[in-house]
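Novice: heads up, no residue letters with this:
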């Protein structure tokens, strides 16, 4: 069974050719057939290897359409400002993520925004 880690501090960037890069904190395991499972909504799953799935929490609405349209992106793992690893991950678009968001303790983008404004 895969271990789930939540990544809520990541960066999605686009280069001049339109390729997407996702910068995340370095993980200790190596990538084995990495891919991203995405339903076009608030969260995505980076399946780094059979033992580790990283939940990309709160996908910004401004990049959702680009993520839905891409076939492959680059994952860049960093330690502070240093690159530890970089690898391609295929994009798998699904109707629904194979994860219960509420059970994982996650909220929607809108819930987070409303919570921040209601403080």
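Specialist: Now that the structure is in, tell me what you want to look at. Note that the structure is predicted; figures quoted are calculated from it, not measured. Residues are numbered from 1 along each chain as shown.

Novice: Contacts only, for residue 29.
Specialist: By CB atoms under 8 Å, 6 or more residues apart in numbering, residue 29 lies in contact with 48, 49, 51, 52. No exception for glycine: its C-beta is placed from N, CA and C like everyone else's.

Novice: Which of the helices or strands spans residue 95?
Specialist: Here residue 95, judged by DSSP states H and E, is contained in no helix and no strand.

Novice: Quick check: phi and psi at it.
Specialist: Torsion angles at residue 95 (phi, psi; degrees, to the nearest 10) stand at phi -70, psi -30.

Novice: What's the per-residue pLDDT of it here?
Specialist: Per-residue pLDDT puts residue 95 at 94.

Novice: Can you tell me the closest non-neighbouring residue to the most centrally placed residue in the chain?
Specialist: Taking CA atoms, centre = their mean, the centroid of the chain lies closest to residue 56, which sits 3.2 Å from it. Once flanking residues are discounted, residue 56 sits nearest to residue 44: 4.3 Å by CB to CB, 6 or more residues apart in numbering.

Novice: just residue 98 next, same as before
Specialist: The spatially closest residue to residue 98, leaving aside those adjacent along the chain, is residue 37, at 6.9 Å (CB to CB, 6+ apart).

Novice: My understanding was that the one you found contacts residue 90; is that so?
Specialist: No - counting by CB atoms under 8 Å, residue 37 does not reach residue 90; the two are 10.0 Å apart.

Novice: Of these two, which one has the most company?
Specialist: Neighbour count, other CB atoms under 10 Å: between residue 37 and residue 90, residue 37 has more, with 19 against 13.
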